[in-house]
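Chemist: What shape does this take:
(one chain, ligands or ions: 1)
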Amino acid sequence: MNNFLNKKILLIICGGISAYKSLELIRSLKKKGAQIKTILTKSAKQFVTPLSVSSLSQEKVYDDLFSLENETEMDHISLSRWSDIIIVAPATANTIAKISSGSSDDLASTVILASNKHIFLVPAMNVRMWEHPSTKENLVKLKNYGFSFIGPEIGDMACGEFGEGKMSEPKIIEEKIEIYFKNLSKNKKYKALVTAGPTHEYIDPVRFISNKSSGKQGYALAKSLSKKGFETTLISGPTSLKVEKDINLIKVETAEEMFRATQNSLPVDVAIFSAAVGDYKAKEISKEKIKKEDKINLVLEKNVDILNYISNHNSLRPKLVIGFAAETNNLENYSNKKLNEKNCDWIIANDVSNKKIGFDSDFNEISIFYKNSKKEKISYKSKSDISDEVVEKIINHLN
Ligand code: CTP
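Modeler: Numbering: from 1, shown residues only. Reported below is the predicted structural model:
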């Protein structure tokens with residue numbers, strides 16, 4: 001498995017003779033599929049040129065905190081936000097001292113001070129600078145702040161001396177970073193989003209169009225996901241159901257609010273759309289209560305289809321998109337139609353004409369329709385047991 005694929009690495013190059021090694025590091029990480037943005041300090045430019053760095057990284061080089069053009073395009077906060085990790089290589093004695101004192105007088109130190117990302121320092125300096133008590137003190141401080149160090153190594157130095165202070169070779173840096181990414185993916189917490197319940201589509205300040213959905217199946221799914229360690233967001237239309245405290249509950253009323261909340265909760269690894277979203281809303285909501293007449297004309301227009309929008313989105317689409325189909329007849333045909341038309345990975349279908357299951361019941365019986373035309377049935381059981389089974393299938397799929 002390639003642990004570098006699409007990883008975003010911000011490389012800060014400081015002024016030291018070993019800066020040339022960072023060029024090799026960029027070349028090698030790029031080859032493995034990482035995206036690299038670089039910051040050059042003023043003195044780094046004495047050792048490597050912005051042109052060679054940008055040619056290798058195939059990205060523009062950032063080098064001046066006060067460059068208006070760079071700040072509007074990608075400011076110091078965005079640079080940190082963009083990155084998965086930050087590597088400072090070579091990290092000179094001066095940079096280490098600046099970081100440990102919280103100084104921020106150039107782009108490199110400002111980004112580091114403003115960042116909440118994991119930062120690797122790859123020191124390179126003369127042996128006596130490395131052994132100086134003030135450098136040692138700075139190291140202790142930075143380790144306590146959570147910075148990681150790679151090297152330095154013992155060996156011959158560019159200054160003609162021998163000792164500890166040599167910058168680690170790019171291959172070693174790469175190995176250490178790879179271990180970090182590997183551990184990260186092992187401990188990764190999956191994120192899940194569930195929509196549930198009905199929506200209220202207002203026609204005037206006191207009346208709305210809604211449906212019979214109780215939200216029970218969606219709430220049970222959110223509970224099962226959270227129990228299995230998913231970081232779970234539940235976007236719920238109006239219901240009277242209670243929710244576990246580990247679940248991030250977002251209460252909404254209308255389809256439009258549900259749509260906005262869903263967009264704001266992405267990205268996630270799996271999204272389950274169990275809400276019975278009102279397909280239509282009033283074209284115009286009367287500001288005043290509508291008075292009794294013999295006849296009124298209600299003009300409705302289509303609501304945005306949340307599931308359809310998200311599952312067809314280029315960048316926001318979760319790895320696994322699951323839709324629901326509540327049908328009274330032709331369950332298989334209609335479910336497969338929804339699966340294809342809405343570009344879902346799975347459709348969970350239930351027969352709402354059966355009084356024992358569906359809507360307000362605590363029990364359900366579902367069929368799961370998959371993209372590869374396979375289907376599976378989970379027979380009559382509590383909504384909570386059904387949810388546990390569905391979540392097992394989700395975990396198998398994600399792994
Ligand atoms: N859905 C959605 N946003 C909408 C409408 C539906 O996200 N505006 C989702 C539901 O949460 C569910 C699936 O789409 O996962 C249901 O599809 P839908 O076509 O709405 O089903 P029905 O309304 O039952 O369609 P029809 O009335 O045509 O059977």
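
Chemist: Enumerate the residues of this structure near the ligand.
Modeler: Residues of the chain found near the ligand (C-beta under 6 Å from any ligand atom) are 195, 255, 273, 275, 277, 279, 303, 305-307, 323-326, 338. C-beta here means a position set from N, CA and C on the backbone, and glycine is covered the same way.

Chemist: Any regions of the stretch 251-399 of the chain where pLDDT drops low?
Modeler: Low-confidence segments of the stretch 251-399 of the chain (pLDDT under 70): 358.

Chemist: now the strands for it?
Modeler: 270-273, 280-282, 300-302, 320-327, 346-351, 363-370, 375-382 (DSSP state E, counting those that start in this stretch).

Chemist: export those strands to a markdown table and tack on mean neighbour count and distance to Lys228?
Modeler: Below are the strands of the stretch 251-399 of the chain laid out as a markdown table (neighbours: other C-beta atoms under 10 Å; distance: least, C-beta to C-beta, whole Å):
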| stretch | mean neighbour count | distance to Lys228 |
| --- | --- | --- |
| strand 270-273 | 28 | 11 |
| strand 280-282 | 18 | 35 |
| strand 300-302 | 11 | 36 |
| strand 320-327 | 22 | 14 |
| strand 346-351 | 24 | 17 |
| strand 363-370 | 20 | 18 |
| strand 375-382 | 13 | 17 |
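
Chemist: how about these in JSON lines, adding distance to Asn144?
Modeler: Shown next, in JSON lines, are the strands of the stretch 251-399 of the chain (distance: least, C-beta to C-beta, whole Å):
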{"stretch": "strand 270-273", "distance to Asn144": "38"}
{"stretch": "strand 280-282", "distance to Asn144": "55"}
{"stretch": "strand 300-302", "distance to Asn144": "57"}
{"stretch": "strand 320-327", "distance to Asn144": "40"}
{"stretch": "strand 346-351", "distance to Asn144": "47"}
{"stretch": "strand 363-370", "distance to Asn144": "50"}
{"stretch": "strand 375-382", "distance to Asn144": "50"}
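
Chemist: Tell me which of the ones you listed sits nearest to Asn6.
Modeler: Smallest distance to Asn6 across the strands of the stretch 251-399 of the chain (C-beta to C-beta): 18.6 Å, for strand 320-327.

Chemist: if we look at the closest one, which residues are touching it?
Modeler: 217, 269-274, 276, 307, 310-311, 331, 334-335, 338-339, 342-352, 358-359, 394, 397-398 (C-beta atoms under 8 Å, 6 or more residues apart in numbering).

Chemist: Now with 7 Å, please.
Modeler: With contact meaning C-beta atoms under 7 Å, 6 or more residues apart in numbering, strand 320-327 is reached by 269-274, 276, 307, 310-311, 334-335, 338, 342, 344-352, 358, 394, 397-398.
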